[in-house]
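Novice: give me a 3D structure for the following:
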Amino acid sequence: MIFNPEMETNQRKELEKIQLERLTKTVELVYHRVPFYKQKFDEKGVKPEDIKSLDDIQKLPFTVKKDLRDHYPFGLFAAELKDVVRLHASSGTSGKPTVVGYTRHDIENWAEIVARCIAAAGGQPGDVMHNAYGYGLFTGGLGLHYGGEKLGVATVPISGGNTARQIMLIEDFQPKVICGTPSYVLRIAETMEEMGKDPRQTSLKYGIFGAEPWSEEMRRTLEEKFGIKAVDIYGLSEVIGPGVGIECHEAQDGLHLAEDHFLVEVIDPKTLEPVPEGEEGELVFTSLTKEAFPVIRYRTGDIASITRERCICGRTTTRMSRVKGRIDDMLIIRGVNVFPSEMERCLLQVKELAPHYQVYIKKQGHLDAVELLVELDEHVYQQVNQDLQHDFVKKIKARVQSLIKQECLVNIDVQVQKPKTIPRSEGKAVRIIDGRKHQSCSA
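Specialist: Below you'll find the predicted structure:
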């Protein structure tokens, strides 16, 4: 099902015409309503009337997360608070949160965008959708919720946590679609198995997963656990929230972007120059329809590529690859750049391990050392008589190290632990533990 065929299957020339019209209006809006952008434009010697083509976007300044924090809470709003109907914010774990606002029209647009996403994932009017994304200041829960209502699915606002209750409602309400972070939905499956239940016997057919990088191996794990089609959804609160892009269930090959609402660029994060289509770089988004909190060339920190090849589902919009990782999550191990999701891809190929892991960074002399903490599968743990020094366990460890060496080009220390030792996620999984801070405090 294609929710909005007019926009999702539009011809490229017509779409670019719409984009340019909306881009010029957005540039006018921020120049006259947001002092930060006026100053930035003036510093670069750019006026709104200078934007005559989509290529002219490269004349405009970038926006970064620090700009949002520096203007906390409402300094980058283009609308007056009397016209703002909702506020969202990041968790603010490292200082002030980033705050975003929405007018009533922004909320309506957002709902329409997410309705497209749920339809692309396989949802249809009349379905029941189990929404395990967190509600509150986080955009995930309410973003999927309003999109579900717009599409016409019965949306269950369960949020995250209370896993036993989640399982009860999945069994009782018979949803066809489940939404959540891949790590938490994996926990739901694991808990069902501990209760003697088979996740494949539920009514679920489709899963919409996002809010954290995840690998193709994690996709296969979730699909095998539940017997579903698992698709990736992308978004971030600074741009709008979930719905910026999503995979279609037909191809599961790149995330279709809502290009009538967002203009995408991919740049080299060091030179800030555009990279060729198909080449990985940092995603940059400019909003085209937002009223309360428009953003110009927002640097996301996410690494991906884009393609404009037509998809088998019939949509003609640009597709972005799944996010490889975030620039600030990238590990440099002996001079080699490695993302946690690349290590995830390796360890999930080893069926003797549970699909949970953490990367622990510590100081070793003057250098940083990295350990990959993994868990032995419960059945394997019993087969080796709970002996983590068993020869079979040592072979498993060696296999993981070999896969990481082969695919990530680094040697890494792997610590195989007993089952249920790595904390389970009730929202976004914590993949990286930086022990260097604790070491410096105790030194």
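
Novice: domain boundaries for the chain, per the record?
Specialist: What automatic domain parsing lists as the domains of the chain is 1-328, 330-442.

Novice: figure out how far the longest one is from the centre of its chain.
Specialist: This points to domain 1-328. The chain centroid and the centroid of domain 1-328 are separated by 8 Å under CA atoms, centre = their mean, to the nearest Å.

Novice: picking up where we left off before, which of the domains of the chain sits most buried?
Specialist: Ranked by mean neighbour count, the domains of the chain are led by domain 1-328 with a mean of 19 (mean count of other CB atoms under 10 Å). In short, each C-beta sits where N, CA and C put it, glycine included.

Novice: measure it end to end?
Specialist: Taking CA to CA, to the nearest Å, domain 1-328 runs 37 Å from one end to the other.

Novice: now do the phi/psi pair for the residue lying closest to Q417 once chain neighbours are set aside.
Specialist: Ranked by CB to CB, 6 or more residues apart in numbering and with sequence neighbours excluded, the top spatial neighbour of Q417 is E375, at 5.4 Å. Dihedral angles of E375 (phi, psi; degrees, to the nearest 10) stand at phi -120, psi 140.

Novice: right, and E375 touches Q415 too?
Specialist: No - if you go by CB atoms under 8 Å, E375 and Q415 don't touch, sitting 10.0 Å apart.

Novice: hang on, the earlier thing: worst mean pLDDT among the domains of the chain?
Specialist: Mean pLDDT is lowest for domain 330-442 out of the domains of the chain, coming in at a mean of 86.

Novice: just the CA trace of stretch 30-37, in CSV.
Specialist: Output of stretch 30-37 as CSV, limited to C-alpha atoms (Å, rounded to 0.1, in the frame of the first residue of the first chain):
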residue,chain,number,x,y,z
VAL,A,30,14.4,31.6,9.1
TYR,A,31,16.1,34.7,7.8
HIS,A,32,13.4,37.0,9.0
ARG,A,33,12.2,35.0,12.1
VAL,A,34,15.4,33.4,13.6
PRO,A,35,18.2,35.8,14.6
PHE,A,36,20.7,33.0,14.7
TYR,A,37,20.1,32.1,11.0
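
Novice: what packs against the helix ranked longest in the chain?
Specialist: If you go by DSSP state H, the chain has its longest helix at helix 12-33. Applying 3 or more CB pairs under 8 Å, 6 or more residues apart in numbering; DSSP states H and E, we find helix 12-33 packed against helix 35-44, strand 281-287.

Novice: is it possible to get CSV of those that adds distance to L204?
Specialist: Formatted as CSV, the helices and strands packed on helix 12-33 follow (distance: least, CB to CB, whole Å):
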stretch, distance to L204
helix 35-44, 44
strand 281-287, 30
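
Novice: nearest to I303, of the ones you listed?
Specialist: I303 sits nearest to strand 281-287 of all the helices and strands packed on helix 12-33, at 6.3 Å, using CB to CB.

Novice: distance of the nearest residue to I306 once chain neighbours are set aside relative to A119?
Specialist: Nearest residue to I306, sequence neighbours excluded (CB to CB, 6+ apart): M320, at 5.0 Å. According to CB to CB, to the nearest Å, M320 stands 19 Å off from A119.

Novice: now swap in P276 and tell me
Specialist: 31 Å.

Novice: kindly list the longest strand within the chain.
Specialist: strand 353-364 (DSSP state E).

Novice: so how far is it from its chain's centroid?
Specialist: 21 Å.

Novice: partner strands of that strand, parallel or antiparallel?
Specialist: Strand 353-364 has its sheet partners listed here by DSSP bridges as strand 367-376 (antiparallel), strand 432-434 (parallel).

Novice: nice, that's everything, thank you.
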